[in-house]
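Chemist: the sequence isn't on hand, but the structure is:
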């Protein structure tokens, strides 16, 4: 695992790299992202409807196949884990 991957582990998706508290916060709901470029990150799904969580997410990332402007797609699975389904432009 390289340094960039280590920095991402245990962080909440979307937090700033210099945030002193990049991890989960009490009272929030999270999905663990599994596989793909965002593997190991937590996605804050607090306030998402059942319909929104069932649809999954296409998350902007520069780490995926398409670089800047690309998105990594994740689908909900068992135990609060969302699995990577691919990258889109």
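Modeler: Perfect, thanks for sending it. All figures in this text were calculated on a predicted structure; none of them were measured in a lab. Numbers count the residues shown, from 1 in each chain.
Chemist: bridge partners for residue 71, pull those for me.
Modeler: Taking DSSP bridges as the rule, residue 71 bridges to residue 60, residue 88.
Chemist: confidence score at residue 67?
Modeler: Per-residue pLDDT puts residue 67 at 85.
Chemist: my error: substitute residue 4 in the last question.
Modeler: 46.
Chemist: surely residue 38 and residue 63 touch.
Modeler: Yes - here residue 38 reaches residue 63: they are 7.1 Å apart, a contact under CB atoms under 8 Å. For the C-beta atoms, the positions are set from N, CA and C on the backbone; glycine is no exception.
Chemist: could you report the neighbour count for the nearest residue to residue 59 once chain neighbours are set aside?
Modeler: What sits nearest to residue 59 in space, not counting adjacent residues and going by CB to CB, 6 or more residues apart in numbering, is residue 72, at 5.3 Å. Other residues within reach of residue 72 by the criterion other CB atoms under 10 Å amount to 26.
Chemist: what about residue 72, distance to residue 27?
Modeler: When CB to CB, to the nearest Å is the yardstick, residue 72 and residue 27 sit 26 Å from each other.
Chemist: pLDDT below threshold where in the chain?
Modeler: The chain contains residues with pLDDT under 70 at 1-9.
Chemist: let's see that with 80 instead.
Modeler: Flagging of the chain using pLDDT under 80 yields the residue ranges 1-10, 17.
Chemist: contact partners for residue 64?
Modeler: With contact set as CB atoms under 8 Å, 6 or more residues apart in numbering, residue 64 has these partners: 36-37, 70-72, 87.
Chemist: of these, select the buried ones using a ChimeraX command.
Modeler: To isolate in ChimeraX the members of the contacts of residue 64 that are buried, counting by 16 or more other CB atoms under 10 Å, one can use:
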select :36,37,70,71,72,87
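Chemist: coming back round to it: more neighbours: which of residue 38 and residue 63?
Modeler: residue 38 (22 against 16).
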